[in-house]
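K.L.:
The sequence and its predicted three-dimensional model are supplied below.
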Amino acid sequence: LLHVPTRMNVPTYQEVIGEGGAMYTVFVVEWETADGNRQYVQRRYNAFLSMHKELKKDFPEISAFNFPTKAFLRGASTTKEYRREQFDQYVQLLVKIIQSNPSKEVPKSIKEFLSNTGKVQQILHKSTLRNIVRVQNRPAESDIKTINQLMTKPTMFLKFGRRGEPHWRKFSLVWLENSRGAAVRWETKKKGKTPEIKISSMNELRFGQHSAVFARKKMPHLNSLSFTVNYTLPNGKDETLDLIAKHPDDFFVWTVGLRHAIENGIGASGDGASSAWERAEEEADLELMAEIDDYDIFGDEDHGNEDDDHEEEDDRLITTGNVMFSWGFNGWGQLGIVEPVGRDQHPMPAQVTGSACKLVDHGEEEKESLTQLAFDIQSISCGGNFTVAVDTRMKAYIWGHGSVCGGVADKHGGSIRRGDHVFQPSPLRQPFRAIPIALTAAGEQHALFLSQTGKVYACGINDSGQLGVGDLNDRGTPDEVKGGWKEGETVKVVACGHSISAAITSEGKLYTWGSGMFGALGLGNTENKDTPCEVNTKEDDMEVKSVSCGQYHMAAILTTKIDHSKSSGSITNRASTKVSTWGWNGCGQLGLGDFEDRATPCIVETISSGGKIVEQIVCGAAHCAAVVNITMGEVELQGQLWTWGNGVAAMAKDDAAHSDIPRPFHLTKKGHESIEVFRIACGDNFTLVLDDEGGLMLLGANPNNISGKAVQMSLDLEKVGLQGVDGLVTEISAGGRHVAVLAPKRFA
């Protein structure tokens, strides 16, 4: 029995490619009844049109509605958001018609529209496939069949061993003869039996690089693509299979598939089909897989012998060096590009070579061990007028404004200076250089460094106590932050704003320090603090997952507490999230529906409910942006961009009003295909977007344009003539008016 809708809306729609290359417009329709029951359905444009034709016969207001045509949907003269709003207004009109009827009877055509009889039938497209294989709490059995089929296709992984170097190997899911179950098998040139591990012998799957095998050759910059399978040999000995995927899609397919197989087992037959319909479905899956190209983040495409690597040879070793590019304002050398005096703008990306860096082997005396090594950066952080970076050896570099770069190692010519500013990536002085650095954060004129052991160090301007060292004296060389956290508790995340700082500990607690202006520290007052103080998030059943700092405001993602002692890194059900904000709110950047400052954390309800999982949140000077996954019944929308605050930055329009609540920012490619956002970064007045295919887009005030005009532009590294990369960006960062990105080098 269909309950009477009291509210309806269209939150989004997508262009989906179906059988024969036909393009369909599929809308997500949300409707809610008086008892609060909320449902979601997907409907094609033709379903809307059929309902409209029936309704306009009986309802003048429907006949008068200017119903959008297909040409309108395909038109380039309007934005996707505007087109969505037309259908949103239409379904709201349907609710008015129902509610105006004294009997509240729902017209037959609306009943059919909202019922399951209108289910969309379509062959999966690549973008739809990515939504299926992303990490899911409990994938449906039909999805598992698709994932298992994908696993039967040879997939390249970097395999780590107990000796030697890691090698690329092709892995496949196979079904063994004589009903012996399924196994994971990989190719090798070693003579003898092909190596394989039976699914029934696998005990656990863990994310990251935590095993003893990974410890030999850790690659922390690829931690998000790494996993370990614990299994037991026939003799009872426990072993591990340690792999790094080439692409996130491969990682998700295999971790979801293996997790499900370990927990629930897997059929004895590869097809698993019990009917002609199921066999037809699987044939469609196989056709889909034939359309999917192997996506290679290292440029290591196989063009010859598929089994050209050897367990004892080193000619196929991973060489995942990164190339760094930067562009924007360079008045203090923050781009790391040595240019003639007077050239302060770089409108196009230029490579940061680090050619002047002299790197020190800490096992020798500094004066005897200066060597020229490759400049291979794994993470970057852009500040207001400087940049910090960490290389693959976990050593820190800094360049830009002299107020932060006083501690660079220029004694032996290791940096290029103009006055007090450093125009080339330069290592920091001893003894700090001997400390392995895992993460960095950059503020307006101060920087934080997080060591591998969870200690925090700070340098730069300290006029508001933002260094957290217990006084207001500036530091040219990083000094340790004496935390307010309890003894034995380590820090796992750091963040900086204009003159504010924040850290998250291993217990999921948040600490802030620096300027208390506008209540920016979330401590209930406007006092400055020169040492870290714990923030009460007012959510006892949640812990802090991430934090970002703007000019004088902060935003944090809270997640349901997990018993880490029991999880052991295993895949667990995805926790729910909430977003909390506080501080200055002059442009509505707190997202709370007004423009009043807050001195304590407040939940942003708009993106903390309704099936939304916030994956990332970032603050600009006076705006915020977030990457949100939305689950609406059986519908999953991955990588949605939401923005709010300063109009130019949040809406990418010169005349846009400030937005005091989060709103979805719909991004599309040519052909109207939706863009799935992978990562974001915010500058003072713009947002940089990295999509799931490695593409870049800039929204807001172009950092190359001193007038601050708003833009919405895509950037292709290959098209601007950069050599040695495939155009695929893997890491991004944005400063006040400059940008830096990392792209992997091609294999030679």
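P.N.:
Right, received. Where do you want to start?

K.L.:
Could I get the buried residue list for stretch 474-492?
P.N.:
For stretch 474-492, the neighbour count (16 or more other CB atoms under 10 Å) marks Asp474, Arg475, Gly476, Pro478, Asp479, Val481, Gly483, Gly484, Trp485, Val491 as buried. (Each C-beta comes from the backbone N, C-alpha and C, glycine too.)

K.L.:
Let me see the ranges of the strands in the stretch 151-300 of the chain.
P.N.:
Taking DSSP state E, counting those that start in this stretch as the criterion, the stretch 151-300 of the chain carries its strands at 155-160, 167-175, 182-186, 196-198, 202-207, 226-232, 238-245.

K.L.:
closest to Asp660 out of these?
P.N.:
strand 202-207 (37.4 Å; CB to CB).

K.L.:
helices and strands around the closest one, which ones?
P.N.:
strand 226-232, helix 248-264 (3 or more CB pairs under 8 Å, 6 or more residues apart in numbering; DSSP states H and E).

K.L.:
hang on, the earlier thing: can I get the buried residues of stretch 474-492 in JSON lines with pLDDT and secondary structure?
P.N.:
Converted to JSON lines, the buried residues of stretch 474-492 look like this (pLDDT from 0 to 100; DSSP: H, G, I helix; E, B strand; the rest coil):
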{"residue": "Asp474", "pLDDT": "91", "secondary structure": "coil"}
{"residue": "Arg475", "pLDDT": "89", "secondary structure": "strand"}
{"residue": "Gly476", "pLDDT": "85", "secondary structure": "strand"}
{"residue": "Pro478", "pLDDT": "91", "secondary structure": "strand"}
{"residue": "Asp479", "pLDDT": "92", "secondary structure": "strand"}
{"residue": "Val481", "pLDDT": "93", "secondary structure": "coil"}
{"residue": "Gly483", "pLDDT": "76", "secondary structure": "coil"}
{"residue": "Gly484", "pLDDT": "82", "secondary structure": "coil"}
{"residue": "Trp485", "pLDDT": "87", "secondary structure": "coil"}
{"residue": "Val491", "pLDDT": "91", "secondary structure": "strand"}
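
K.L.:
ok, these vs Val739, which is closest?
P.N.:
Of all those, Val739 sits closest to Pro478, with 24.5 Å by CB to CB.

K.L.:
As CSV, the helices and strands packed on strand 202-207 with mean neighbour count, mean pLDDT and distance to Lys56 would be great.
P.N.:
Shown next, in CSV, are those (neighbours: other CB atoms under 10 Å; pLDDT from 0 to 100; distance: least, CB to CB, whole Å):
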stretch, mean neighbour count, mean pLDDT, distance to Lys56
strand 226-232, 21, 93, 55
helix 248-264, 20, 82, 44
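
K.L.:
how about those in CSV, adding distance to Gly736?
P.N.:
Below are the helices and strands packed on strand 202-207 laid out as CSV (distance: least, CB to CB, whole Å):
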stretch, distance to Gly736
strand 226-232, 34
helix 248-264, 30
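
K.L.:
quick revisit: which stretch among the strands of the stretch 151-300 of the chain is buried most, on average?
P.N.:
Of all the strands of the stretch 151-300 of the chain, strand 155-160 has the most neighbours on average by mean count of other CB atoms under 10 Å, namely a mean of 23.

K.L.:
Extract the CA atoms of it and return them as CSV.
P.N.:
Extracted in CSV, the C-alpha atoms of strand 155-160 (Å, rounded to 0.1, in the frame of the first residue of the first chain):
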residue,chain,number,x,y,z
THR,A,155,44.9,-7.8,-12.1
MET,A,156,48.4,-6.3,-11.4
PHE,A,157,49.5,-5.9,-7.8
LEU,A,158,52.9,-5.1,-6.3
LYS,A,159,53.7,-8.2,-4.2
PHE,A,160,56.0,-8.0,-1.2
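
K.L.:
That strand relative to strand 167-175, how many degrees between them?
P.N.:
With axes from the mean of the first three to the mean of the last three CA atoms, to 10 degrees defining the directions, strand 155-160 sits at 120 degrees from strand 167-175.

K.L.:
and strand 155-160, what's its mean pLDDT?
P.N.:
In this model, strand 155-160 has a mean pLDDT of 88.

K.L.:
Tell me which residues are up against the helix of greatest length in the chain.
P.N.:
Using DSSP state H, we find that the single longest helix of the chain is helix 80-100. For helix 80-100, contacts defined as CB atoms under 8 Å, 6 or more residues apart in numbering pick out 4-13, 27, 29, 31, 48, 52, 55, 59, 61-62, 65, 67-68, 72-73, 104-107, 110, 664-666, 668, 672.

K.L.:
so where's the longest strand in the protein?
P.N.:
strand 5-17 (DSSP state E).

K.L.:
Check which residues of the helix or strand hosting Ala502 are buried.
P.N.:
Element membership of Ala502 [criterion: DSSP states H and E] is strand 500-505. For strand 500-505, a neighbour-count test (16+ other CB under 10 Å) marks Ile500, Ser501, Ala502, Ala503, Ile504, Thr505 as buried.

K.L.:
what are the pairing partners of that strand, and which direction each?
P.N.:
Strand 500-505 has the following strand partners under DSSP bridges: strand 491-496 (antiparallel), strand 510-514 (antiparallel).

K.L.:
Distance to Ala656 added to the ones you listed, as CSV?
P.N.:
Shown next, in CSV, are those (distance: least, CB to CB, whole Å):
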stretch, distance to Ala656
strand 491-496, 27
strand 510-514, 30
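
K.L.:
and those, which is most packed in?
P.N.:
strand 510-514 (a mean of 28).

K.L.:
what's next to that one, contact-wise?
P.N.:
Against strand 510-514 from outside (CB under 8 Å, 6+ apart): 464-466, 468, 483-485, 497, 499-505, 520-523, 528-535, 537, 544, 547, 554, 556.

K.L.:
Counting by contacts, list what the next helix or strand along the chain from it packs against.
P.N.:
Using DSSP H and E, the helix or strand that follows strand 510-514 in sequence is strand 529-534. With contacts taken as 3+ CB pairs under 8 Å, 6+ apart, strand 529-534 sits against strand 510-514.

K.L.:
Repeat the analysis, applying 10 Å as the threshold.
P.N.:
Counting contacts by 3 or more CB pairs under 10 Å, 6 or more residues apart in numbering; DSSP states H and E, strand 529-534 packs against strand 500-505, strand 510-514.

K.L.:
Throw those strands into a markdown table and include distance to Glu177 and mean pLDDT, thanks.
P.N.:
A markdown table is the format used below for the helices and strands packed on strand 529-534 (distance: least, CB to CB, whole Å; pLDDT from 0 to 100):
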| stretch | distance to Glu177 | mean pLDDT |
| --- | --- | --- |
| strand 500-505 | 51 | 96 |
| strand 510-514 | 56 | 96 |
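
K.L.:
which residues in the chain form helices?
P.N.:
45-55, 60-64, 70-74, 80-100, 108-114, 126-133, 141-152, 212-216, 248-264, 276-291, 564-567, 647-651.

K.L.:
Which stretch among the strands paired with strand 500-505 approaches Phe157 most closely?
P.N.:
Using CB to CB, the strands paired with strand 500-505 put strand 491-496 closest to Phe157, at 27.1 Å.

K.L.:
related to what we said a few turns ago, dump the strands of the stretch 151-300 of the chain to CSV, plus distance to Ile98.
P.N.:
Below are these laid out as CSV (distance: least, CB to CB, whole Å):
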stretch, distance to Ile98
strand 155-160, 51
strand 167-175, 50
strand 182-186, 52
strand 196-198, 57
strand 202-207, 48
strand 226-232, 50
strand 238-245, 49
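
K.L.:
For Pro436, find the nearest of the ones you listed.
P.N.:
strand 226-232 (18.5 Å).

K.L.:
got the angle between that closest one and strand 155-160?
P.N.:
80 degrees.

K.L.:
for strand 226-232, packing partners?
P.N.:
If you count contacts as 3+ CB pairs under 10 Å, 6+ apart, strand 226-232 packs onto strand 155-160, strand 196-198, strand 202-207, helix 212-216, strand 238-245, helix 248-264.

K.L.:
what's the burial count for His666?
P.N.:
Residues within reach of His666, counting by other CB atoms under 10 Å, total 18.

K.L.:
Quick one: the buried residues of strand 500-505 as CSV, columns for distance to Met394 too.
P.N.:
Below are the buried residues of strand 500-505 laid out as CSV (distance: CB to CB, whole Å):
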residue, distance to Met394
Ile500, 26
Ser501, 21
Ala502, 22
Ala503, 19
Ile504, 20
Thr505, 21
